[in-house]
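I would like the atomic coordinates for the input below:
(chains A, B and C)
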Amino acid sequence: MTVSFTLNVNGAATEVSTEPRRTLSDVIREDLGLTGTHLGCEHGVCGACTVLLDGAPVRSCLTLAVQADGHEITTVEGLANGDELHPVQQAMHEAHGFQCAFCSPGFMLSTVALLAENPNPSRHEIREELSGNLCRCTGYHTILDGVEVAIRALASDGASGGGDA
Amino acid sequence: MKNPPFEYHQPDTLEDAIQLLAVYGDEAKVLAGGQSLLPLMGLRLVRPSHVIDIGRVAGLGAISTESSGVSVGALVSHSMAERSEKLRTNAPLVHQAMPYVGHRAIRNRGTVCGSVAHADPAAEMPAVCRAAGASMIAVSSRGERAIEADEFFVGYLQTALDVDEILTEIRFPALAEGTGTAVVEVARRHGDYALVGLACSLTVESTITAAALSFFGAGSTPIRLGEVEQLLIGEEPNEAAFTTAAAAVRSSIEPSADVHGSANYRRYLAGVLTQRGLTQAASTVGVLA
Amino acid sequence: MNERTQTSGLGFVGQSVTRVEDDRLLRGKGQYVADIEPEGVLHAAFLRSPFAHATIRSIDVTAARRSPRVTAVFTAAELNELTNPFPPFLMMPGLYTPLYMCLSDKKVRHVGDPVALVLADSRYHAEDALELIEVDYEQLAPVASIADALSVNAEQVWERADGNVLLDKSDAYGDVESVFASADRIVTERFSCQRQSNQPMETRGSVIEVDPETGHLTIHNATQSSHMLRWLTAALAKKESVRSSLKNFATNKDRRDSFIVAAKEFMAQNGESMQNQDNAGPKSQLRKDRSMLRHLPRTLFGLLGKDDYPTVMARDIGGGFGAKGPVAREDIALAAAAIDLGRSVKWIEDRVENLSDGGHAREEDLTVSLALDNDGTFRGLKVDLVLDQGAYPAFPIGASMATQIMRVMFPGAYKFDAFHLRARTVATNKGKYVAYRGPWANETWARERIIDVAAKALGYTPTDLRLKNMFSDQDMPAAMITGPALDETMSTKKTLEHAMQVVDIDEFRDEQETARAEGRYLGLGFACYHEAAPGPPDYFDSISPGAGTLGTEYARTTIERDGSIVVYTSQMPHGQSHETTYAQIVADELGVGIADVKLVYGNTDRTPFSVMGTGGSRGGPLGGGSVKYSSREVRQQVIDAAAELLEASADDIDIMDGNIHVSGVPARGVSFADVAATVISEGDQPFDATFGYTGKGDGGWSCATHACIVEVDLETGRVDIPRYVVVEDCGPIINPAIVNGQVRGGVAQGVGAVLYESSVYDTEANLQATTYMDYLIPTAMEIPYVEVHHLETLSPGENDFRGVGEGGMIGAPPAITNAIEDALGPFGARVTDQYLPPTKILEMAGIIDPD
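Below is the predicted model:
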């Protein structure tokens, strides 16, 4: 069985025709070629595949692609504004946020959503909100630092930064 | 770890959805948020021939207050419930449970009704429903019926829903005056399913007039301990009463062991949580003696 | 944060230069193996045994083959016919290494053992086809534990082993018997460590491209060891007869000549280490199993006869921690299938596969006896170690190698008169044991635990007892009783002294007492270690004669015509930020900026050879040294050429910000591009230098002390870590932020090891933690803030970098378990397990009984 629908990813609409069983993560990676979204566990625990669905973080491995019909999806590729990194990306760079960085797209998208809702979370709130994203390299400290760098950068920008998240 | 094949149905109305379910019965699974169903399908532990996606069905996404309480529609996500002022005031157990439910991304997709229909005995929502005395509204082509929470959870991942029924709504009754509630749990990691958890409430008019203790992670279904609740009635809401209740919980509960905790551990923990939960519940209504 | 500005001139080494890798990775433009999708590639899925131990009566793949979406199905018997078995490598006296094929055709030895390979047009369809294969198994009694394996009644996992014991090796240093007879006290305890798993966030994977014209394989693989994968694929993935290989070799002069050149080069570098190798290892192997005499010639001549070895490419890798070091059975199966079909194939391991057989580690029982005098002087140490390697030995470095690193490192930073280790490796019906970040780490855990046990028995504080017995500067030069030389880089004692300044122990004891009165249980634990990073030159040979071949790291530095600086490394980065740290080193050597340096890695057509790739905390000291010295040679080449151009003496040439000039006359300088263009257009020797580096001499130790404070909640059994301090000494630091990241990441895995993670099997050898719902990787909520303090002890001479990749994970389990035992002191608890989940905590405190 095949279903056809439109996926809106990073502001661009793509017609997709696929088996309904395929996950949003697989369609984003394979059909749209946006391989920045990573698959770490495929059962909803690690958070590497996190994308934003209408601005809210969701597991793209636990979402059928067809369920995203009619929603706006943002992936890590949608964060930077051309050459200019999104403030969260820039902050993670400055804070030495990641090592292997396989988990980084999920962390950054979760962070973008968190800061959109709460521009000044406490360290504890950051830890709690990012606890659905696993990192095996860093011990998390530098990622949490990166969120705090982003908070300061966004506050001093007085704007929500680049990208359409 | 890829989903097995299935026929996909995307009804726009509840009537269409229940017609599909009437046709396909136990060959079909209802998909709302998918946060319980899709992991099992990916592991090929569940392989329905038909998936009925109710995500577009109109009228299932509301949280509404009625004179008799508050109702949560089938498409209300945990995040919507978490942010709902109506639930915070009218069904505080739902609100109190939310910080323990998975993580943000899971709460954004997963639905309250989905969690209840999935009936994982270590999940928060089924136990909350039992503590709150909720009614589950089941709709099929044969009509609509309300199933009381005490009758709803019949076994491990098993509910009283018939194969052609959709859980369209959960109704939480209004809280009695003087009722305090709490949800407490201990999990291995933040956001994990509970080792043991407790959703509880106390109604106090100088002494305790009603109590509900609903444990999760302590058996094959969420468990109400009626005998312990009875022990509390007529007592003052104080530490001594709660200690007695905790001891009674430990002697009546029969949890099983898994890789995350022994049966003895869970039994002990259930007592600790009894003490903590009742203390919190009493303090929320300012009656802790 | 130690953030200094990123400009040249001051020296980049020592600064927290931000990462070169980040721009592509943070944009989602990295290229991990799963991101590679050649046109028309076939997607692979392996059918795996649902049973721990069984014989295969029959397998029926006809229905799977009929599926229209399936291109090919290989049974084990079919694929094994095309391939050579995994040979024994680094044979040791007392060790038997079973030979095994890429798939299992007659017998399965663990849940997840691969028995067939499906290739279809998508992973979805490949998984569909797996469900159509029927296998008739006859179950055998499972060997589920070390106790099972040592039982005389157990079924044998490997028919030719002694029961299930693969290694039994005893080594003694000093007069063990008389030391133990004359010591005042002997403290004995048995420690047990659970099975853990490395669990990088990216699973394993391989994409094999087949050139339709030439048949050349290009293997994109998440490997820590690209050259080993290349060679082993060439050796195993296509079986050729000795006769046809010899014919190819004899008739191909180029092949013969290039072999002789390569062999000479290898022997020049490794001859000394090779000569140390005696034949006791092969003898042990042949006593058990002579089949290698049949397979090895075919395999080796097969290598000689091949004109074309695969190219291995790896770009970005999502972590490894040792799990991506071995060449996997799947790697060979996929290559064999690709060669046979002439089609490109792709396999991305899923998480269930990864948890089952992507790499397990650490499951060891250790009975430790510490002999000491009443004044606290350590006299002797006796250890009986049994390691559960699972079913299939990892290639090339199996579990038995870890036991021998443990042998060398067990005495730690302490002086002993005698040491004895009996090391046994047993086979069980479990996933394979691999190196995991400090593969020998349980020697530190068991030693640091027994010291705490002894301190309590004798009435010493744990820190006093350690300080009394540690090597100090006045002892240098010295040697560990197990052999390796010690010099001033052996600064473990200094790290402990520093940690005791950072953590005010008296103040803590007051706080602990106050808290106990309130029913709160605090504990403080220390752990001290040193690790060979790189260690003295004889270090590897002291582990296993001949293993010195693992040590050398190579780098090649070149300058291209446009002046760009390209550095080729045999390291295989997978999160350690080599592109940044090596750029720092090279930029300092050549007087250029970070952005002027390009690092090439992970492409075996372009990068120099090393056996091991990245592992063993060798990237900084050895990889860094090779990069430094190859760049220094090139600097001299550039200066010599520039001297001619500028008509000056080479001694007067200076390079600053890429400007090559006569000292004091920067305005008349030339650029790298100017010099390169001139030299290359004149047809002179281009700027190019390769350097193999094995370390600078005695010492080369990286040291640390961890101090951990815990609070144990006796209502829930949960352990909180309010303070965690690491005092580390890896010598001069290349990049403080990256060092801190390595330390903290290691500690996080140590926290996981003690409190959350267990690859536990039931009594039927069924893995109980097959998903991330049950194998618990700690989240940001569970990992404490880790304070990192640096000492930078220098040793004479240059290139003093020392490795720091593994230490965090080595120090954390003992520090945390020591702290927990201290917290539970009022209950007389004794920590003998490394894994302490809430249930265990309450059992140790006597609050609950075991079920």
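
Quick one: name the residues of chain A near chain B.
A:1, A:3, A:19-23, A:26, A:42-44, A:47, A:50, A:53, A:56-59, A:61-64, A:66-67, A:110, A:113-114, A:128-129, A:131-133 (CB under 8 Å from any CB of the partner chain). To be clear about C-beta, it is placed using only N, CA and C from the backbone, and glycine gets the same treatment.

Check chain C too.
Residues of chain C lying near chain B (CB under 8 Å from any CB): C:123-124, C:127-128, C:131, C:350-352, C:715-718, C:756, C:758, C:760, C:768-769, C:771, C:773-774, C:776, C:778-779, C:781-782, C:837-839, C:842-843, C:847-851.

one more time with 7 Å
C:123-124, C:127-128, C:350-352, C:715-718, C:756, C:760, C:768-769, C:774, C:776, C:778-779, C:781-782, C:837-839, C:842, C:847-851 (CB under 7 Å from any CB of the partner chain).

Among those, the buried ones, what's the ChimeraX command?
Applying 16 or more other CB atoms under 10 Å in any protein chain shown to the residues of chain C next to chain B leaves a buried subset, and the ChimeraX line that selects it is:
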select /C:123,124,127,128,350,351,352,715,716,717,718,756,760,769,774,776,778,779,781,782,837,838,839,842,848
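
re the thing from before, now the buried members of the residues of chain A next to chain B.
If you count burial by 16+ other CB under 10 Å, the buried members of the residues of chain A next to chain B come out as A:3, A:19-23, A:26, A:42-44, A:47, A:50, A:53, A:56-59, A:61-64, A:66-67, A:110, A:113-114, A:128-129, A:131-133.

just these that are near chain C?
Answer for those near chain C (CB under 7 Å from any CB): A:21-22, A:42-43, A:128, A:131.

Greatest separation within these: which pair is it?
A:R21 and A:E128 (33.2 Å; CB to CB).

tell me, how many neighbours does the closest residue to B:H78 other than its chain neighbours end up with?
Excluding the flanking residues, the one nearest B:H78 by CB to CB, 6 or more residues apart in numbering or on different chains is B:R107, at 3.7 Å. B:R107 has 26 neighbours, counted by other CB atoms under 10 Å in any protein chain shown.

For C:N799, see how far away the closest residue to C:K598 other than its chain neighbours is.
The shortest distance from C:K598 to any non-neighbouring residue, by CB to CB, 6+ apart, is to C:V566 (5.0 Å). Using CB to CB, to the nearest Å, C:V566 is found at 21 Å from C:N799.

And those two? Which one has more around it.
Higher neighbour count among C:V566 and C:N799: C:N799, with 22 against 16, using other CB under 10 Å.

Settle this for me: the more buried one is touching C:S626, isn't it.
No - in this structure, C:N799 is not within contact of C:S626 by CB atoms under 7 Å, at 9.4 Å.

My read is that B:V184 contacts B:V196, right?
No - using CB under 7 Å, B:V184 makes no contact with B:V196, being 9.3 Å away.

Give me the common contacts of those two.
Overlap of the contact sets of B:V184 and B:V196 (by CB atoms under 7 Å, 6 or more residues apart in numbering or on different chains) consists of B:L273.

The helix or strand hosting B:S79: which residues count as buried?
Taking DSSP states H and E as the definition, one finds B:S79 inside helix B:78-83. Neighbour-count burial for helix B:78-83 flags B:78-82 (criterion: 16+ other CB under 10 Å).

any weak-confidence spans in chain A?
A:158-165 (pLDDT under 70).

closest point of it to chain B, which residue?
Proximity of chain A to chain B (CB to the nearest CB) peaks at A:G132, 2.6 Å away.

pretty sure that residue contacts B:V101?
No - using CB under 7 Å, A:G132 is not in contact with B:V101, being 11.0 Å away.

on contacts alone, who are the packing partners of the longest helix along chain B?
In terms of residue count, the longest helix belonging to chain B (DSSP state H) is helix B:263-284. On a contact count with 3 or more CB pairs under 7 Å, 6 or more residues apart in numbering or on different chains; DSSP states H and E, helix B:263-284 meets strand B:179-187, strand B:194-205, helix B:239-252, helix C:838-844.

CSV for those, including mean pLDDT and distance to C:S649?
Output for these, formatted as CSV (pLDDT from 0 to 100; distance: least, CB to CB, whole Å):
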stretch, mean pLDDT, distance to C:S649
strand B:179-187, 97, 72
strand B:194-205, 97, 76
helix B:239-252, 97, 88
helix C:838-844, 98, 72
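
Tell me which of the ones you listed sits nearest to C:D175.
helix C:838-844 (37.4 Å).

what helices or strands is the closest one leaning on?
Counting contacts by 3+ CB pairs under 7 Å, 6+ apart, helix C:838-844 packs against helix B:263-284.

Run through the residues that contact the nearest residue to C:S197 once chain neighbours are set aside.
Distance criterion CB to CB, 6+ apart; nearest residue to C:S197, sequence neighbours excluded, is C:S759 at 4.9 Å. Residues in contact with C:S759, defined by CB under 7 Å, 6+ apart, are C:195-197, C:360, C:767, C:769, C:775.

again, 6 Å this time
C:195, C:197, C:360, C:769 (CB atoms under 6 Å, 6 or more residues apart in numbering or on different chains).

Check C:I56 too.
Shown in contact with C:I56 (CB under 6 Å, 6+ apart): C:K106.

pLDDT score for it?
Per-residue pLDDT puts C:I56 at 98.

Quick check: what element follows the helix or strand containing it along the chain?
Per DSSP H and E, C:I56 falls inside strand C:54-60. Later in the chain than strand C:54-60, the nearest helix or strand by DSSP H and E is helix C:62-66.

what packs against that next one?
Helix C:62-66 sits against no helix or strand, with contacts defined as 3 or more CB pairs under 6 Å, 6 or more residues apart in numbering or on different chains; DSSP states H and E.

what's the average pLDDT for that helix?
97.

How about it, which residues are buried there?
Buried-residue list, helix C:62-66, by 16+ other CB under 10 Å: C:A64.

Please save the CA atoms from that helix in CSV.
Coordinates of each C-alpha in helix C:62-66 appear next as CSV, following Å, rounded to 0.1, in the frame of the first residue of the first chain:
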residue,chain,number,x,y,z
THR,C,62,12.9,-20.6,-0.1
ALA,C,63,10.0,-18.4,0.9
ALA,C,64,12.3,-15.5,1.7
ARG,C,65,14.0,-15.9,-1.7
ARG,C,66,10.7,-15.8,-3.5
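
Name the surrounding residues that touch the following helix or strand past it.
Heading C-terminal from helix C:62-66, the first helix or strand you meet, by DSSP H and E, is strand C:70-75. The contact list for strand C:70-75, computed with CB under 6 Å, 6+ apart, reads C:42, C:59, C:61, C:64-65, C:116-120, C:129, C:337, C:341.

Measure how buried C:D105 is and give me the count.
Residues contacting C:D105 under the criterion other CB under 10 Å number 17.

quick one on the thing from earlier: could you pull up phi and psi at the residue nearest to C:S197?
In terms of degrees, to the nearest 10, the main-chain angles of C:S759 are phi -90, psi 70.

Would you agree the residue nearest to C:K598 falls within a strand?
Yes - under DSSP: H, G, I helix; E, B strand; the rest coil, C:V566 sits within a strand.

Isn't it up against C:D596?
No - when contacts are counted by CB atoms under 6 Å, C:V566 is not listed as touching C:D596 (10.3 Å).

how far away is the residue nearest to B:A28 when sequence neighbours are not counted from B:T65?
Of all residues not flanking B:A28 in the chain, B:H50 sits nearest, at 4.0 Å (CB to CB, 6+ apart). Distance, B:H50 to B:T65, using CB to CB: 35 Å.
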